[in-house]
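**Student:** need a 3D model of the following:
(chains A and B)
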Amino acid sequence: MSLKISNSVKGKTAVLKIDGEVDMFSSPQARNAIMELVKQRVPKVIVDLSEVSYMDSSGVATLIEGLQLCHKYNGKLVVAGLRANVREVFELTRLDKIFQIFQDVEAAKTNG
Amino acid sequence: MNAPIIKIRDLHTSYGKRKILKGINLDIYPYETLVILGRSGCGKSTLLRHIVGLNVPDAGQVIIKDVDITQASEAKRDEILKRMGMLFQNGALFNSMTIGENVALPLMEHTPQDKSIIKIMMRMKLSLVGLSGFEDFAPSQLSGGMKKRAALARAIAMDPDILFCDEPSAGLDPIVAAGIDQLILKLKTALRMTIVAVTHEMASVYMIADRVCLMHDGEIKFLGSQEELKKSADPYVMQFLERRPDADRLDPENYYEELVA
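**Tutor:** Residues are numbered from 1 along each chain as shown, chains lettered A, B, ... in the order given. You can find the predicted model right below:
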């Protein structure tokens, strides 16, 4: 099933909102959206996962690649609004230790 | 309770004249961990092989997500099987490939993922099973326990809906075995997996099982929760749990005839 993805860039920050189930077949869509922001070398990318009801390991791998690419130009990629089951995937793959995770987009804008 | 994700109906199979499965009926529910238990040769691994479509039964049905895989077209069966992961008893790794290539193979073959994402996923799965840094090793360079863990990493490469494990902790030291059991539990919750594990290790059963299916001589002798298993008054269930050997029923005359025939 395809994802609904929107992004808004204001100043140095982009908010990428993903809506749907991020799985093996839909995650390339999220990857393309992150790649677009990386190409523009946006300094701070906030990935809003509040409407993501499921994320598998291809989803988190996609976010790791995004994080790595942002780091290459000294940018940042943070995640916000994780539902409990998505947070569990982050914990299972121990990515909660790698990503900056925020309660919501507002907290990510202020603190991230 | 949700509708069963797997329904097994009146499944019969035999090897030559020897009947292995004698009319198995079993429902497996989404997101549960069902442990199939029984002594060696009771038919539990054979049952697993039928569920994953590796063996064709003499009679009966194996219905997965409403598709009877004993009757389905090859294309339909493949579609169902892609969403399932299997950890084989002997690991079944490809010896001509590195550990990393073994784990990446199903992702390369069955998903639209870019190579860079596949590499991250492969490393993530190896890290999950405690094999970070071993991606360039050949299977022959690993110990038995490490091979088992690498095989588990491959089985979960695609984040399957249903994970089948044939003796997941056999041959592992108790600490690694407990780690594998814990991982199975985490996978179930975090990745919404249904898990069907075949084992005869009771420590593993008590750690992971939501329900237990005890097989004996090709039939299901008990099906229920761990609590129900412990309370069962069935003589065979009690013998199994108490690890009592069979009584010696040797008939000296028959034995003599056997030896000199």
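**Student:** pull the distance from stretch A:47-66 to the chain's centre.
**Tutor:** 6 Å (CA atoms, centre = their mean, to the nearest Å).
**Student:** over it, what's the mean pLDDT, rounded is fine.
**Tutor:** Taken as a whole, stretch A:47-66 has a mean pLDDT of 95.
**Student:** touching chain B at all, that stretch?
**Tutor:** Yes: contact of stretch A:47-66 with chain B (CB under 8 Å from any CB of the partner chain) involves A:Tyr54, A:Asp56, A:Ser57, A:Ser58, A:Val60, A:Ala61, A:Thr62, A:Ile64, A:Glu65. C-beta: built from backbone N, CA, C; applies to glycine.
**Student:** now those residues in CSV, with neighbour count and secondary structure?
**Tutor:** Formatted as CSV, those follow (neighbours: other CB atoms under 10 Å in any protein chain shown; DSSP: H, G, I helix; E, B strand; the rest coil):
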residue, neighbour count, secondary structure
A:Tyr54, 16, strand
A:Asp56, 22, coil
A:Ser57, 27, helix
A:Ser58, 27, helix
A:Val60, 24, helix
A:Ala61, 27, helix
A:Thr62, 28, helix
A:Ile64, 21, helix
A:Glu65, 20, helix
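**Student:** so for chain A, the centremost residue is which one?
**Tutor:** Centroid-nearest residue in chain A: A:Val47, 3.3 Å away (criterion: CA atoms, centre = their mean).
**Student:** residue ranges with poor pLDDT in the stretch 51-200 of chain B?
**Tutor:** Along the stretch 51-200 of chain B, no part satisfies pLDDT under 70.
**Student:** correct me, but B:Ile51 touches B:Ile8?
**Tutor:** Yes: counting by CB atoms under 8 Å, B:Ile8 is a contact partner of B:Ile51 at 7.0 Å.
**Student:** for beta bridges, what are the partners of B:Ile24?
**Tutor:** Note on B:Ile24: beta-bridge partners B:Leu11, judged by DSSP bridges.
**Student:** how about A:Val78?
**Tutor:** With DSSP bridges as the rule, A:Val78 is bridged to A:Ile46.
**Student:** could you report the distance from it to chain B?
**Tutor:** Between A:Val78 and chain B the distance is 18 Å, computed by CB to the nearest CB, to the nearest Å.
**Student:** hmm, that residue is touching A:Ile101, no?
**Tutor:** Yes: here A:Val78 reaches A:Ile101: they are 7.4 Å apart, a contact under CB under 8 Å.
**Student:** if you count what's nearby, which of the two comes out ahead?
**Tutor:** A:Val78 (22 against 18; other CB atoms under 10 Å in any protein chain shown).
**Student:** tell me the contacts of that one?
**Tutor:** By CB atoms under 8 Å, 6 or more residues apart in numbering or on different chains, the contact set of A:Val78 is A:Lys44, A:Val45, A:Ile46, A:Val47, A:Phe99, A:Gln100, A:Ile101, A:Phe102, A:Ala108, A:Gly112.
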